[in-house]
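[1] Okay, sequence plus prediction incoming.
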Amino acid sequence: MDTRVPRFAAALAASAGLARSPAAAQTFQGLGVPGSVLGVSADGNYVVGGAGAGAFRWSNAGGVQYLGQPAGTSTAAFNVNADGSVAVGSVEGSGSAHVFRWANGIFTDLGAGPGNVARAFGVSGAGDVVSGYTDGNVFRWTQASGFVLLGTGSGYQCSADGGAVVGGHFFSGSHAFRWTQATGMQDLGVLPGGPLSVAYAVSLDGTSVVGMSYAGPTSPSDYRPFRWRASTGMVNLGLPPGAQYTWGAEACSGDGSVVVGKNWMGNRYAAFIWTQATGIQDLQAYLAGAGISTAGWTLDDATGVSGDGSVIVGQGNGPGGNQGWFARLGGGGGCYANCDHSTDVPFLNVADFTCFLQKFAAADSYANCDGSTQQPVLNVGDFTCFLQKFAAGCSAP
């Protein structure tokens, strides 16, 4: 740990004379967009999805921004890169669908590769790798290579470096897979007793894969969410009380320690959250236990989670009708002070102070460390808060 930076930050806070104790920044809000929320950036600041007016990106600071919708088509953004500057999704036309990539305000139709119907569900942290499927084939796209087919099946998300892609492929049956250049399509198997599985998401570090597997013959009541790691194989995450079966685990945090998705309750879907410590729980009950009110809402689906697990987004019904929602949990599922999400030891170092300073200068909501709501929300108190969190250290990234 570089002690020069903590001394500098402490001196800065002391000289300003405005130091105060940190408070948990916990919020829940509807997005006010009558459409579907489909993903969130790793930094937790940008949400993407699709609405009648087309693919959109939302942030607390900027509200809704529509990304583009060519005449005669509909568009939806399925995922977004680490800092929210690149979004990917589909352009749906008559009898066809193309992949689009939106980068820093520019909407580009990438086509469908060798197919006619293509959709993008994954994007790397830098936004330079895109993954998805085209006419029954899994693809990985870069500017240099264009569409590269990885094999038959359905491709979904990719890891932060774009080196791992997950989805479903027919092996001895239709099974979840994890692809890397070194391994090719790796069969992740199924839960005991089940014939089928599919992977929907992969952690930023590429080591955890989540999705849905049958845990019995073939009826919907056998659907279960899973998490796969090389060290454990495929693990059944179970069902919370009242749930009959799952749609699947749809997203996970950067290290796979927080998993979200939705379960069927008999008359509606309900969002869930899973952690190693808590097991699987109804998300609305989990938020209530954390002191976060969702009064007037039913949370139907959780579709995305930030890299540190502190932000969860999804779909539900609230005072404004069916719309997306955004929940920020104080403290998060990871280490707040690990601003740059590094996974190398030491997790905390001078780069985290540089990262925090950059986010503060950019008026990024992450920099509101103490959760203040009075203007200006970003002030010297946030430096004191960050310094305290840095000094407390991290046991994990």
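    The structure has been received and is ready for your questions.

[2] Pull out the buried positions in stretch 292-309.
    If you call a residue buried by 16 or more other C-beta atoms under 10 Å, then stretch 292-309 has these buried ones: 292, 294, 297, 299-309. Heads up, the C-betas are built off the backbone N, CA and C, glycines and all.

[3] One more: stretch 105-123?
    For stretch 105-123, by 16+ other C-beta under 10 Å, it's 107, 110-113, 115, 117-123.

[4] end-to-end on it?
    Terminal residues of stretch 105-123 lie 16 Å apart, using C-alpha to C-alpha, to the nearest Å.

[5] got it, and stretch 161-171?
    End residues of stretch 161-171 are separated by 26 Å (C-alpha to C-alpha).

[6] do stretch 229-238 as well
    Taking C-alpha to C-alpha as the criterion, the two ends of stretch 229-238 lie 16 Å apart.

[7] What of stretch 362-369?
    14 Å.

[8] Which residues does that stretch contact?
    With C-beta atoms under 8 Å, 6 or more residues apart in numbering as the test, stretch 362-369 has contacts from 22, 25, 43-45, 59-61, 336, 339, 356, 359-360, 377-378, 381-382, 385-386, 389.

[9] ok now it, how far from the chain's centre?
    19 Å (C-alpha atoms, centre = their mean, to the nearest Å).

[10] Give me the next element, helix or strand, following the helix or strand of the chain with the lowest mean pLDDT.
    Least confident helix or strand of the chain, by mean pLDDT, DSSP states H and E, is helix 4-16 with a mean of 37. Where DSSP states H and E defines the elements, the next helix or strand beyond helix 4-16 is strand 27-30.

[11] Buried residues, that next one. List them.
    Under 16+ other C-beta under 10 Å, the buried positions of strand 27-30 are 27-28, 30.

[12] Let me know the secondary structure of Leu191.
    Classification of Leu191 by DSSP: H, G, I helix; E, B strand; the rest coil places it in coil.

[13] make that Phe226, sorry
    Going by three-state DSSP, the state assigned to Phe226 is strand.

[14] who does it bridge with?
    Gly211, Asn236 (DSSP bridges).

[15] just checking, it touches Asn236?
    Yes - look at Phe226 against Asn236 with C-beta atoms under 8 Å: they come within range, at 6.0 Å.

[16] Please enumerate the shared neighbours of these two.
    191, 213.

[17] neighbour count winner among these two?
    Phe226 (29 against 15; other C-beta atoms under 10 Å).

[18] residue contacts, the more buried one?
    176, 191, 197, 210-213, 234-237, 249.

[19] Give me the buried entries from those residues.
    176, 191, 197, 210-213, 234, 237, 249.

[20] how about these in JSON lines, adding pLDDT and distance to Gly393?
    As requested, the buried ones among the contacts of Phe226 are arranged in JSON lines below (pLDDT from 0 to 100; distance: C-beta to C-beta, whole Å):
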{"residue": "Ala176", "pLDDT": "98", "distance to Gly393": "36"}
{"residue": "Leu191", "pLDDT": "96", "distance to Gly393": "37"}
{"residue": "Ser197", "pLDDT": "96", "distance to Gly393": "38"}
{"residue": "Val210", "pLDDT": "98", "distance to Gly393": "28"}
{"residue": "Gly211", "pLDDT": "98", "distance to Gly393": "34"}
{"residue": "Met212", "pLDDT": "97", "distance to Gly393": "37"}
{"residue": "Ser213", "pLDDT": "96", "distance to Gly393": "37"}
{"residue": "Met234", "pLDDT": "97", "distance to Gly393": "33"}
{"residue": "Leu237", "pLDDT": "97", "distance to Gly393": "29"}
{"residue": "Ala249", "pLDDT": "98", "distance to Gly393": "30"}
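
[21] Which pair of those residues spans the longest distance?
    Using C-beta to C-beta, these span at most 13.8 Å, a distance reached by Ala176 and Leu237.

[22] Nearest residue to Val129 in space, please, no chain neighbours.
    Residue nearest to Val129 in three dimensions, not counting chain neighbours: Gly162, with 2.8 Å by C-beta to C-beta, 6 or more residues apart in numbering.

[23] what do you get for Thr142?
    Val129 (5.6 Å).

[24] Please name the residues that touch the one you found.
    122-123, 140-142, 158, 161-162.

[25] in the stretch 251-397 of the chain, which ranges drop under the pLDDT threshold?
    330-335, 341-345, 364-365, 371-374, 377, 394-397 (pLDDT under 70).

[26] The same query, at a cut-off of 80, please.
    330-336, 338, 340-347, 363-375, 377, 389, 392-397 (pLDDT under 80).

[27] can you map out the strands along it?
    258-264, 269-275, 279-282, 298-305, 311-318, 321-328 (DSSP state E, counting those that start in this stretch).

[28] Adjacent strands (with direction) for the shortest one?
    In the sheet, strand 279-282 lines up against strand 269-275 (antiparallel) (DSSP bridges).

[29] List of residues touching the strand it pairs with?
    225, 227, 237, 240, 243, 246-247, 249, 257-263, 280-284, 286, 298-302, 309, 312, 314, 316, 333.
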